[in-house]
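Trainee: Can you look at this prediction? I've put the sequence above it.
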Amino acid sequence: MKTLRRTPLFSLYGKQPGVRTVDFGGWELPVQFTSIVKEHEAVRRSAGLFDVSHMGRLTVTGLFAEAFLQRLTTNDVSLLKDGRAQYTLMCNNEGGVIDDLLVYRLSADQYMLVVNASNTTQVLEWLREHLIGDITIDNMTERTALLALQGPDAAAILSDALDAAPGAAWNKLTSFQFMQSATVCGVPALVSRTGYTGEDGFELYAAAADAEALWNGLLQAGERYGAVAAGLGARDTLRLEARLPLHGHELSDSITPVEAGLRAFVKPDKGDFIGRSVLLKQLTEGAPRRLVGIELAERSIPRAGYAIFAADGVQVGYVTSGTHAPTLKRNIGLALLQADYAALGTPLLVDIRGASCPASVVPTPFYKRLPATGGR
C-alpha cells in the first residue's frame, strides 16, 4: 500500500467532522472540511484558510544565485528587490513547463522557490543538474509549513492576528511583496501578499513545529468574519474561475508558457535562458495552440481530458480543466485548442461520454474580484 506524506497539520484534520482527505501528488490532504461550495463561497465573501504545506520550499544561496535563476526561469529575476517575489516558469529545452513557481528574493545572494508538490523532486534534480559557481540548494519543505489566508477579509483578519511586524506597516504590502520577520498569533512567520484564488490574501511561512498554533490562531481571529477552513476542492474551483493555471492541466512539459497565455512572464530580452529559442519563436510567429476559456450551453460539465471538436467534426483540442463555477452558476472550462479555433465566440462541441455538447470560446478570467477597499 502506498504511504502518503502528511503536513504538520494532519492531526488537526480529524477534529473537523466533515473533513475528507484524498491522495494529492503523494500527500494526504483535505479536499473539503464541510463542503466545496460552502468553502468556495466563504473565500469569495469573507475568507478561507488553506493548508498548502505540501508545496515545495527550496532556498537557493550563493554569490551567483541571481545568474543561476536567470538561466533557469523565464521571468527576469534581476528586477526583484529584497522583499519582493515574482511568478515565473521553469522550462525544458523544448519550451515545455517543468513547473510554474514563485521566486522570493530574501537577499542579494539568497532566494526562496515555492514549487508544486508533485514537481518538487523533478525541480530539485533540474536545479542540481545545472548548478554553477558556489550555489547551494536547501529543501526546507519538511521543516516548514505554508498556510494561505484568502478572501476580501484576509487583511482585516491578519491585522487582528498580527503581533508585530518590522519596518513599514504590514498593510502597505502590495501584491507579490513580503516581509520576513512578522509575528502572527505568537508565531514567527514570513508573510507574503500572494495567493491562488483570485482574491486578495496572504501566504504565511512558519516552522513546522508552529503550524498548529498559527492555524488555530488564524481561524480564531477569522471567526467573527465568517472565515472557514478550506480544502483543495474549493482551491481548485476558485483558481479556475480566476483562470489560474494548474501544472499537469494547463501547463506541462509539452505545453509552453506562450500556449498557456502566460507570455507576460516570459522575458526573452533579459538574455539567454533554457527554452528561450522556442518561446521567442512562438512570441514572434504565434503559438500553434492557445489556452482559452469555454462555456457549455447545457448543464453538463467539461472535465479534464474531454475531446473538443469543431462544427465540422474535426478534433481541435481538449479540455484541460472544467467545473460548475459556484460564483457564476455556469459550466466553464479551460481548453487547449488549435490557434485557428481560439477566437472568442467560436462554436465548439465537447464530447462528454459520447454526447456532443455545444460550447463556445468565452473571455477569461471568468471571475475578477472588485478592487480592494483597504489594506493596499
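Mentor: Structure's in. What do you need?
Trainee: What are the buried residues along stretch 21-31?
Mentor: Residues of stretch 21-31 classed as buried under the neighbour-count rule (16 or more other C-beta atoms under 10 Å) are 21, 24-25, 27-31. (Each C-beta comes from the backbone N, C-alpha and C, glycine too.)
Trainee: So which of the residues you listed belong to strands?
Mentor: Judged by DSSP state E, the subset of those located in strands is 21, 24, 27-31.
Trainee: Mind picking the lowest-pLDDT entry from the residues you listed?
Mentor: Across these, the bottom pLDDT score, 91, is held by Phe24.
Trainee: Tell me the bridge partners for that one.
Mentor: When bridges are called by DSSP bridges, Phe24 pairs up with Trp27.
Trainee: wait, isn't it in contact with Ala117?
Mentor: Yes - assessed by C-beta atoms under 8 Å, Phe24 is found in contact with Ala117 at 7.3 Å.
Trainee: rewinding a little: pipe the buried residues of stretch 21-31 into CSV and attach distance to Leu349 per row.
Mentor: Putting the buried residues of stretch 21-31 into CSV (distance: C-beta to C-beta, whole Å) gives the following:
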residue, distance to Leu349
Thr21, 37
Phe24, 32
Gly25, 32
Trp27, 37
Glu28, 38
Leu29, 35
Pro30, 36
Val31, 31
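Trainee: circling back to that earlier point, give me the common contacts of Phe24 and Ala117.
Mentor: Both Phe24 and Ala117 are in contact with His54, where contact means C-beta atoms under 8 Å, 6 or more residues apart in numbering.
Trainee: quick one: average confidence on the helix or strand hosting Gly217?
Mentor: Taking DSSP states H and E as the criterion, Gly217 maps to helix 211-222. Across helix 211-222, pLDDT averages out at 98.
Trainee: got a list of contacts for the helix or strand just after that helix?
Mentor: Note on helix 211-222: by DSSP H and E, the next helix or strand toward the C-terminus is strand 228-230. Strand 228-230 is touched from outside by 16, 30, 33-34, 38-40, 42-43, 47-50, 150, 219, 222, with contacts defined as C-beta under 8 Å, 6+ apart.
Trainee: could you redo the last one with a cut-off of 10 Å?
Mentor: Residues outside strand 228-230 that contact it (C-beta atoms under 10 Å, 6 or more residues apart in numbering): 9, 12-13, 16, 19, 30, 32-34, 36, 38-43, 46-51, 148-151, 197, 215, 218-219, 222, 234, 238.
Trainee: now the residues you listed: which count as buried?
Mentor: Applying 16+ other C-beta under 10 Å to those, the neighbour count classes 9, 12-13, 19, 30, 32-34, 36, 38-43, 46-51, 148-151, 197, 215, 218-219, 222, 234, 238 as buried.
Trainee: quick one: which of these sit in helices?
Mentor: Using DSSP state H, the members of the buried ones among the contacts of strand 228-230 that fall within helices are 12-13, 36, 38-43, 215, 218-219, 222, 234, 238.
Trainee: Lowest-confidence member of these, which is it?
Mentor: Ranked by pLDDT, these bottom out at Tyr13 (87).
Trainee: what's near enough to touch that residue?
Mentor: Each residue near Tyr13 by C-beta under 10 Å, 6+ apart is listed here: 6-7, 19-21, 28-30, 33, 51, 229, 231.
Trainee: Now do the helix or strand encompassing Asp138: which elements does it pack against?
Mentor: Secondary structure from DSSP H and E places Asp138 in strand 136-139. Under the contact definition 3 or more C-beta pairs under 10 Å, 6 or more residues apart in numbering; DSSP states H and E, strand 136-139 sits against strand 56-61, helix 65-72, strand 110-115, helix 120-129.
Trainee: among those, which is nearest Arg193?
Mentor: strand 110-115 (13.8 Å; C-beta to C-beta).
Trainee: Just checking: what are the partner strands of the closest one?
Mentor: Counting by DSSP bridges, strand 110-115 is paired with strand 56-61 (antiparallel), strand 97-107 (antiparallel).
Trainee: Which stretch among those is buried most, on average?
Mentor: strand 97-107 (a mean of 22; mean count of other C-beta atoms under 10 Å).
Trainee: any idea of the mean pLDDT in that one?
Mentor: The pLDDT scores in strand 97-107 average 98.
Trainee: Now distance to Thr320 too, for the strands paired with strand 110-115, in CSV please.
Mentor: Shown next, in CSV, are the strands paired with strand 110-115 (distance: least, C-beta to C-beta, whole Å):
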stretch, distance to Thr320
strand 56-61, 22
strand 97-107, 13
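Trainee: between those strands, which one is nearest to Val314?
Mentor: Distance to Val314, taken as C-beta to C-beta, is lowest for strand 97-107 among those, at 27.0 Å.
Trainee: now that closest one, how far from the chain's geometric center?
Mentor: Here strand 97-107 is found 11 Å from its chain centre; the criterion is C-alpha atoms, centre = their mean, to the nearest Å.
Trainee: export it as CSV, just CAs?
Mentor: Included here for strand 97-107 are C-alpha records, laid out as CSV according to Å, rounded to 0.1, in the frame of the first residue of the first chain:
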residue,chain,number,x,y,z
VAL,A,97,7.0,23.8,-18.5
ILE,A,98,8.8,21.7,-15.9
ASP,A,99,7.0,23.8,-13.2
ASP,A,100,5.5,27.2,-12.5
LEU,A,101,6.7,28.7,-9.3
LEU,A,102,7.2,31.7,-7.1
VAL,A,103,10.7,33.2,-6.6
TYR,A,104,11.2,35.3,-3.4
ARG,A,105,14.3,37.5,-3.1
LEU,A,106,15.3,37.1,0.6
SER,A,107,18.7,38.9,0.0
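Trainee: Lovely, talk soon.
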